[in-house]
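>>> Sharing a model prediction with you, sequence too.
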Amino acid sequence: MAIKMRLQRFGVHKRPFYRVVASESKNARDGKFLEILGTYDTILDIVELDHNKVQKWLSNGAQPTKTVKKVFKKSKFVAKTNTKVEK
């Protein structure tokens with residue numbers, strides 16, 4: 001199955017708080033997940049990510065959603081890529 005990095009909603013009415021999680025694409029938004037990668041508070045605009053965990057899931061083929069990509073940009077996360085220089 002495909003692994004997605006997505007937001008899982010928490011909080012109360014009109015006060016959302018999100019976890020960035022890795023989960024299988026067929027699971028519900030707030031359903032089972034494989035690992036918590038960080039948090040995102042939309043009101044205070046605070047992003048906390050475990051960069052090592054995110055990099056591990058990206059290297060294993062997990063696909064971030066569009067919204068999670070925007071959260072990565074806010075946190076200034078840069079994915080390490082294996083670039084080979086040819087002579």
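Structure's in. What do you need? Residues are numbered from 1 along each chain as shown.
>>> Buried ones in stretch 43-57, by neighbour count?
With burial defined by 16 or more other C-beta atoms under 10 Å, the residues of stretch 43-57 counted as buried are 47, 49, 53, 54, 55, 57. Every C-beta, even on glycine, is put in place using the N, C-alpha and C of the backbone.
>>> ends of that stretch, how far apart?
Terminal residues of stretch 43-57 lie 27 Å apart, using C-alpha to C-alpha, to the nearest Å.
>>> Need the residues that contact it.
If you take C-beta atoms under 8 Å, 6 or more residues apart in numbering as the criterion, stretch 43-57 is touched by 3, 5, 15-16, 20, 22, 35, 37-41, 71-72, 74-75, 77, 79-80.
>>> Mind doing that once more with 6 Å?
With contact meaning C-beta atoms under 6 Å, 6 or more residues apart in numbering, stretch 43-57 is reached by 22, 37, 38, 39, 40, 71, 74, 75, 77, 80.
>>> can I get these in a markdown table with pLDDT, distance to residue 62 and secondary structure?
As requested, the contacts of stretch 43-57 are exported to a markdown table (pLDDT from 0 to 100; distance: C-beta to C-beta, whole Å; DSSP: H, G, I helix; E, B strand; the rest coil):
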| residue | pLDDT | distance to residue 62 | secondary structure |
| --- | --- | --- | --- |
| 22 | 95 | 6 | strand |
| 37 | 95 | 9 | strand |
| 38 | 95 | 14 | strand |
| 39 | 95 | 18 | strand |
| 40 | 95 | 17 | strand |
| 71 | 91 | 14 | helix |
| 74 | 89 | 19 | helix |
| 75 | 87 | 17 | coil |
| 77 | 79 | 14 | coil |
| 80 | 67 | 14 | coil |
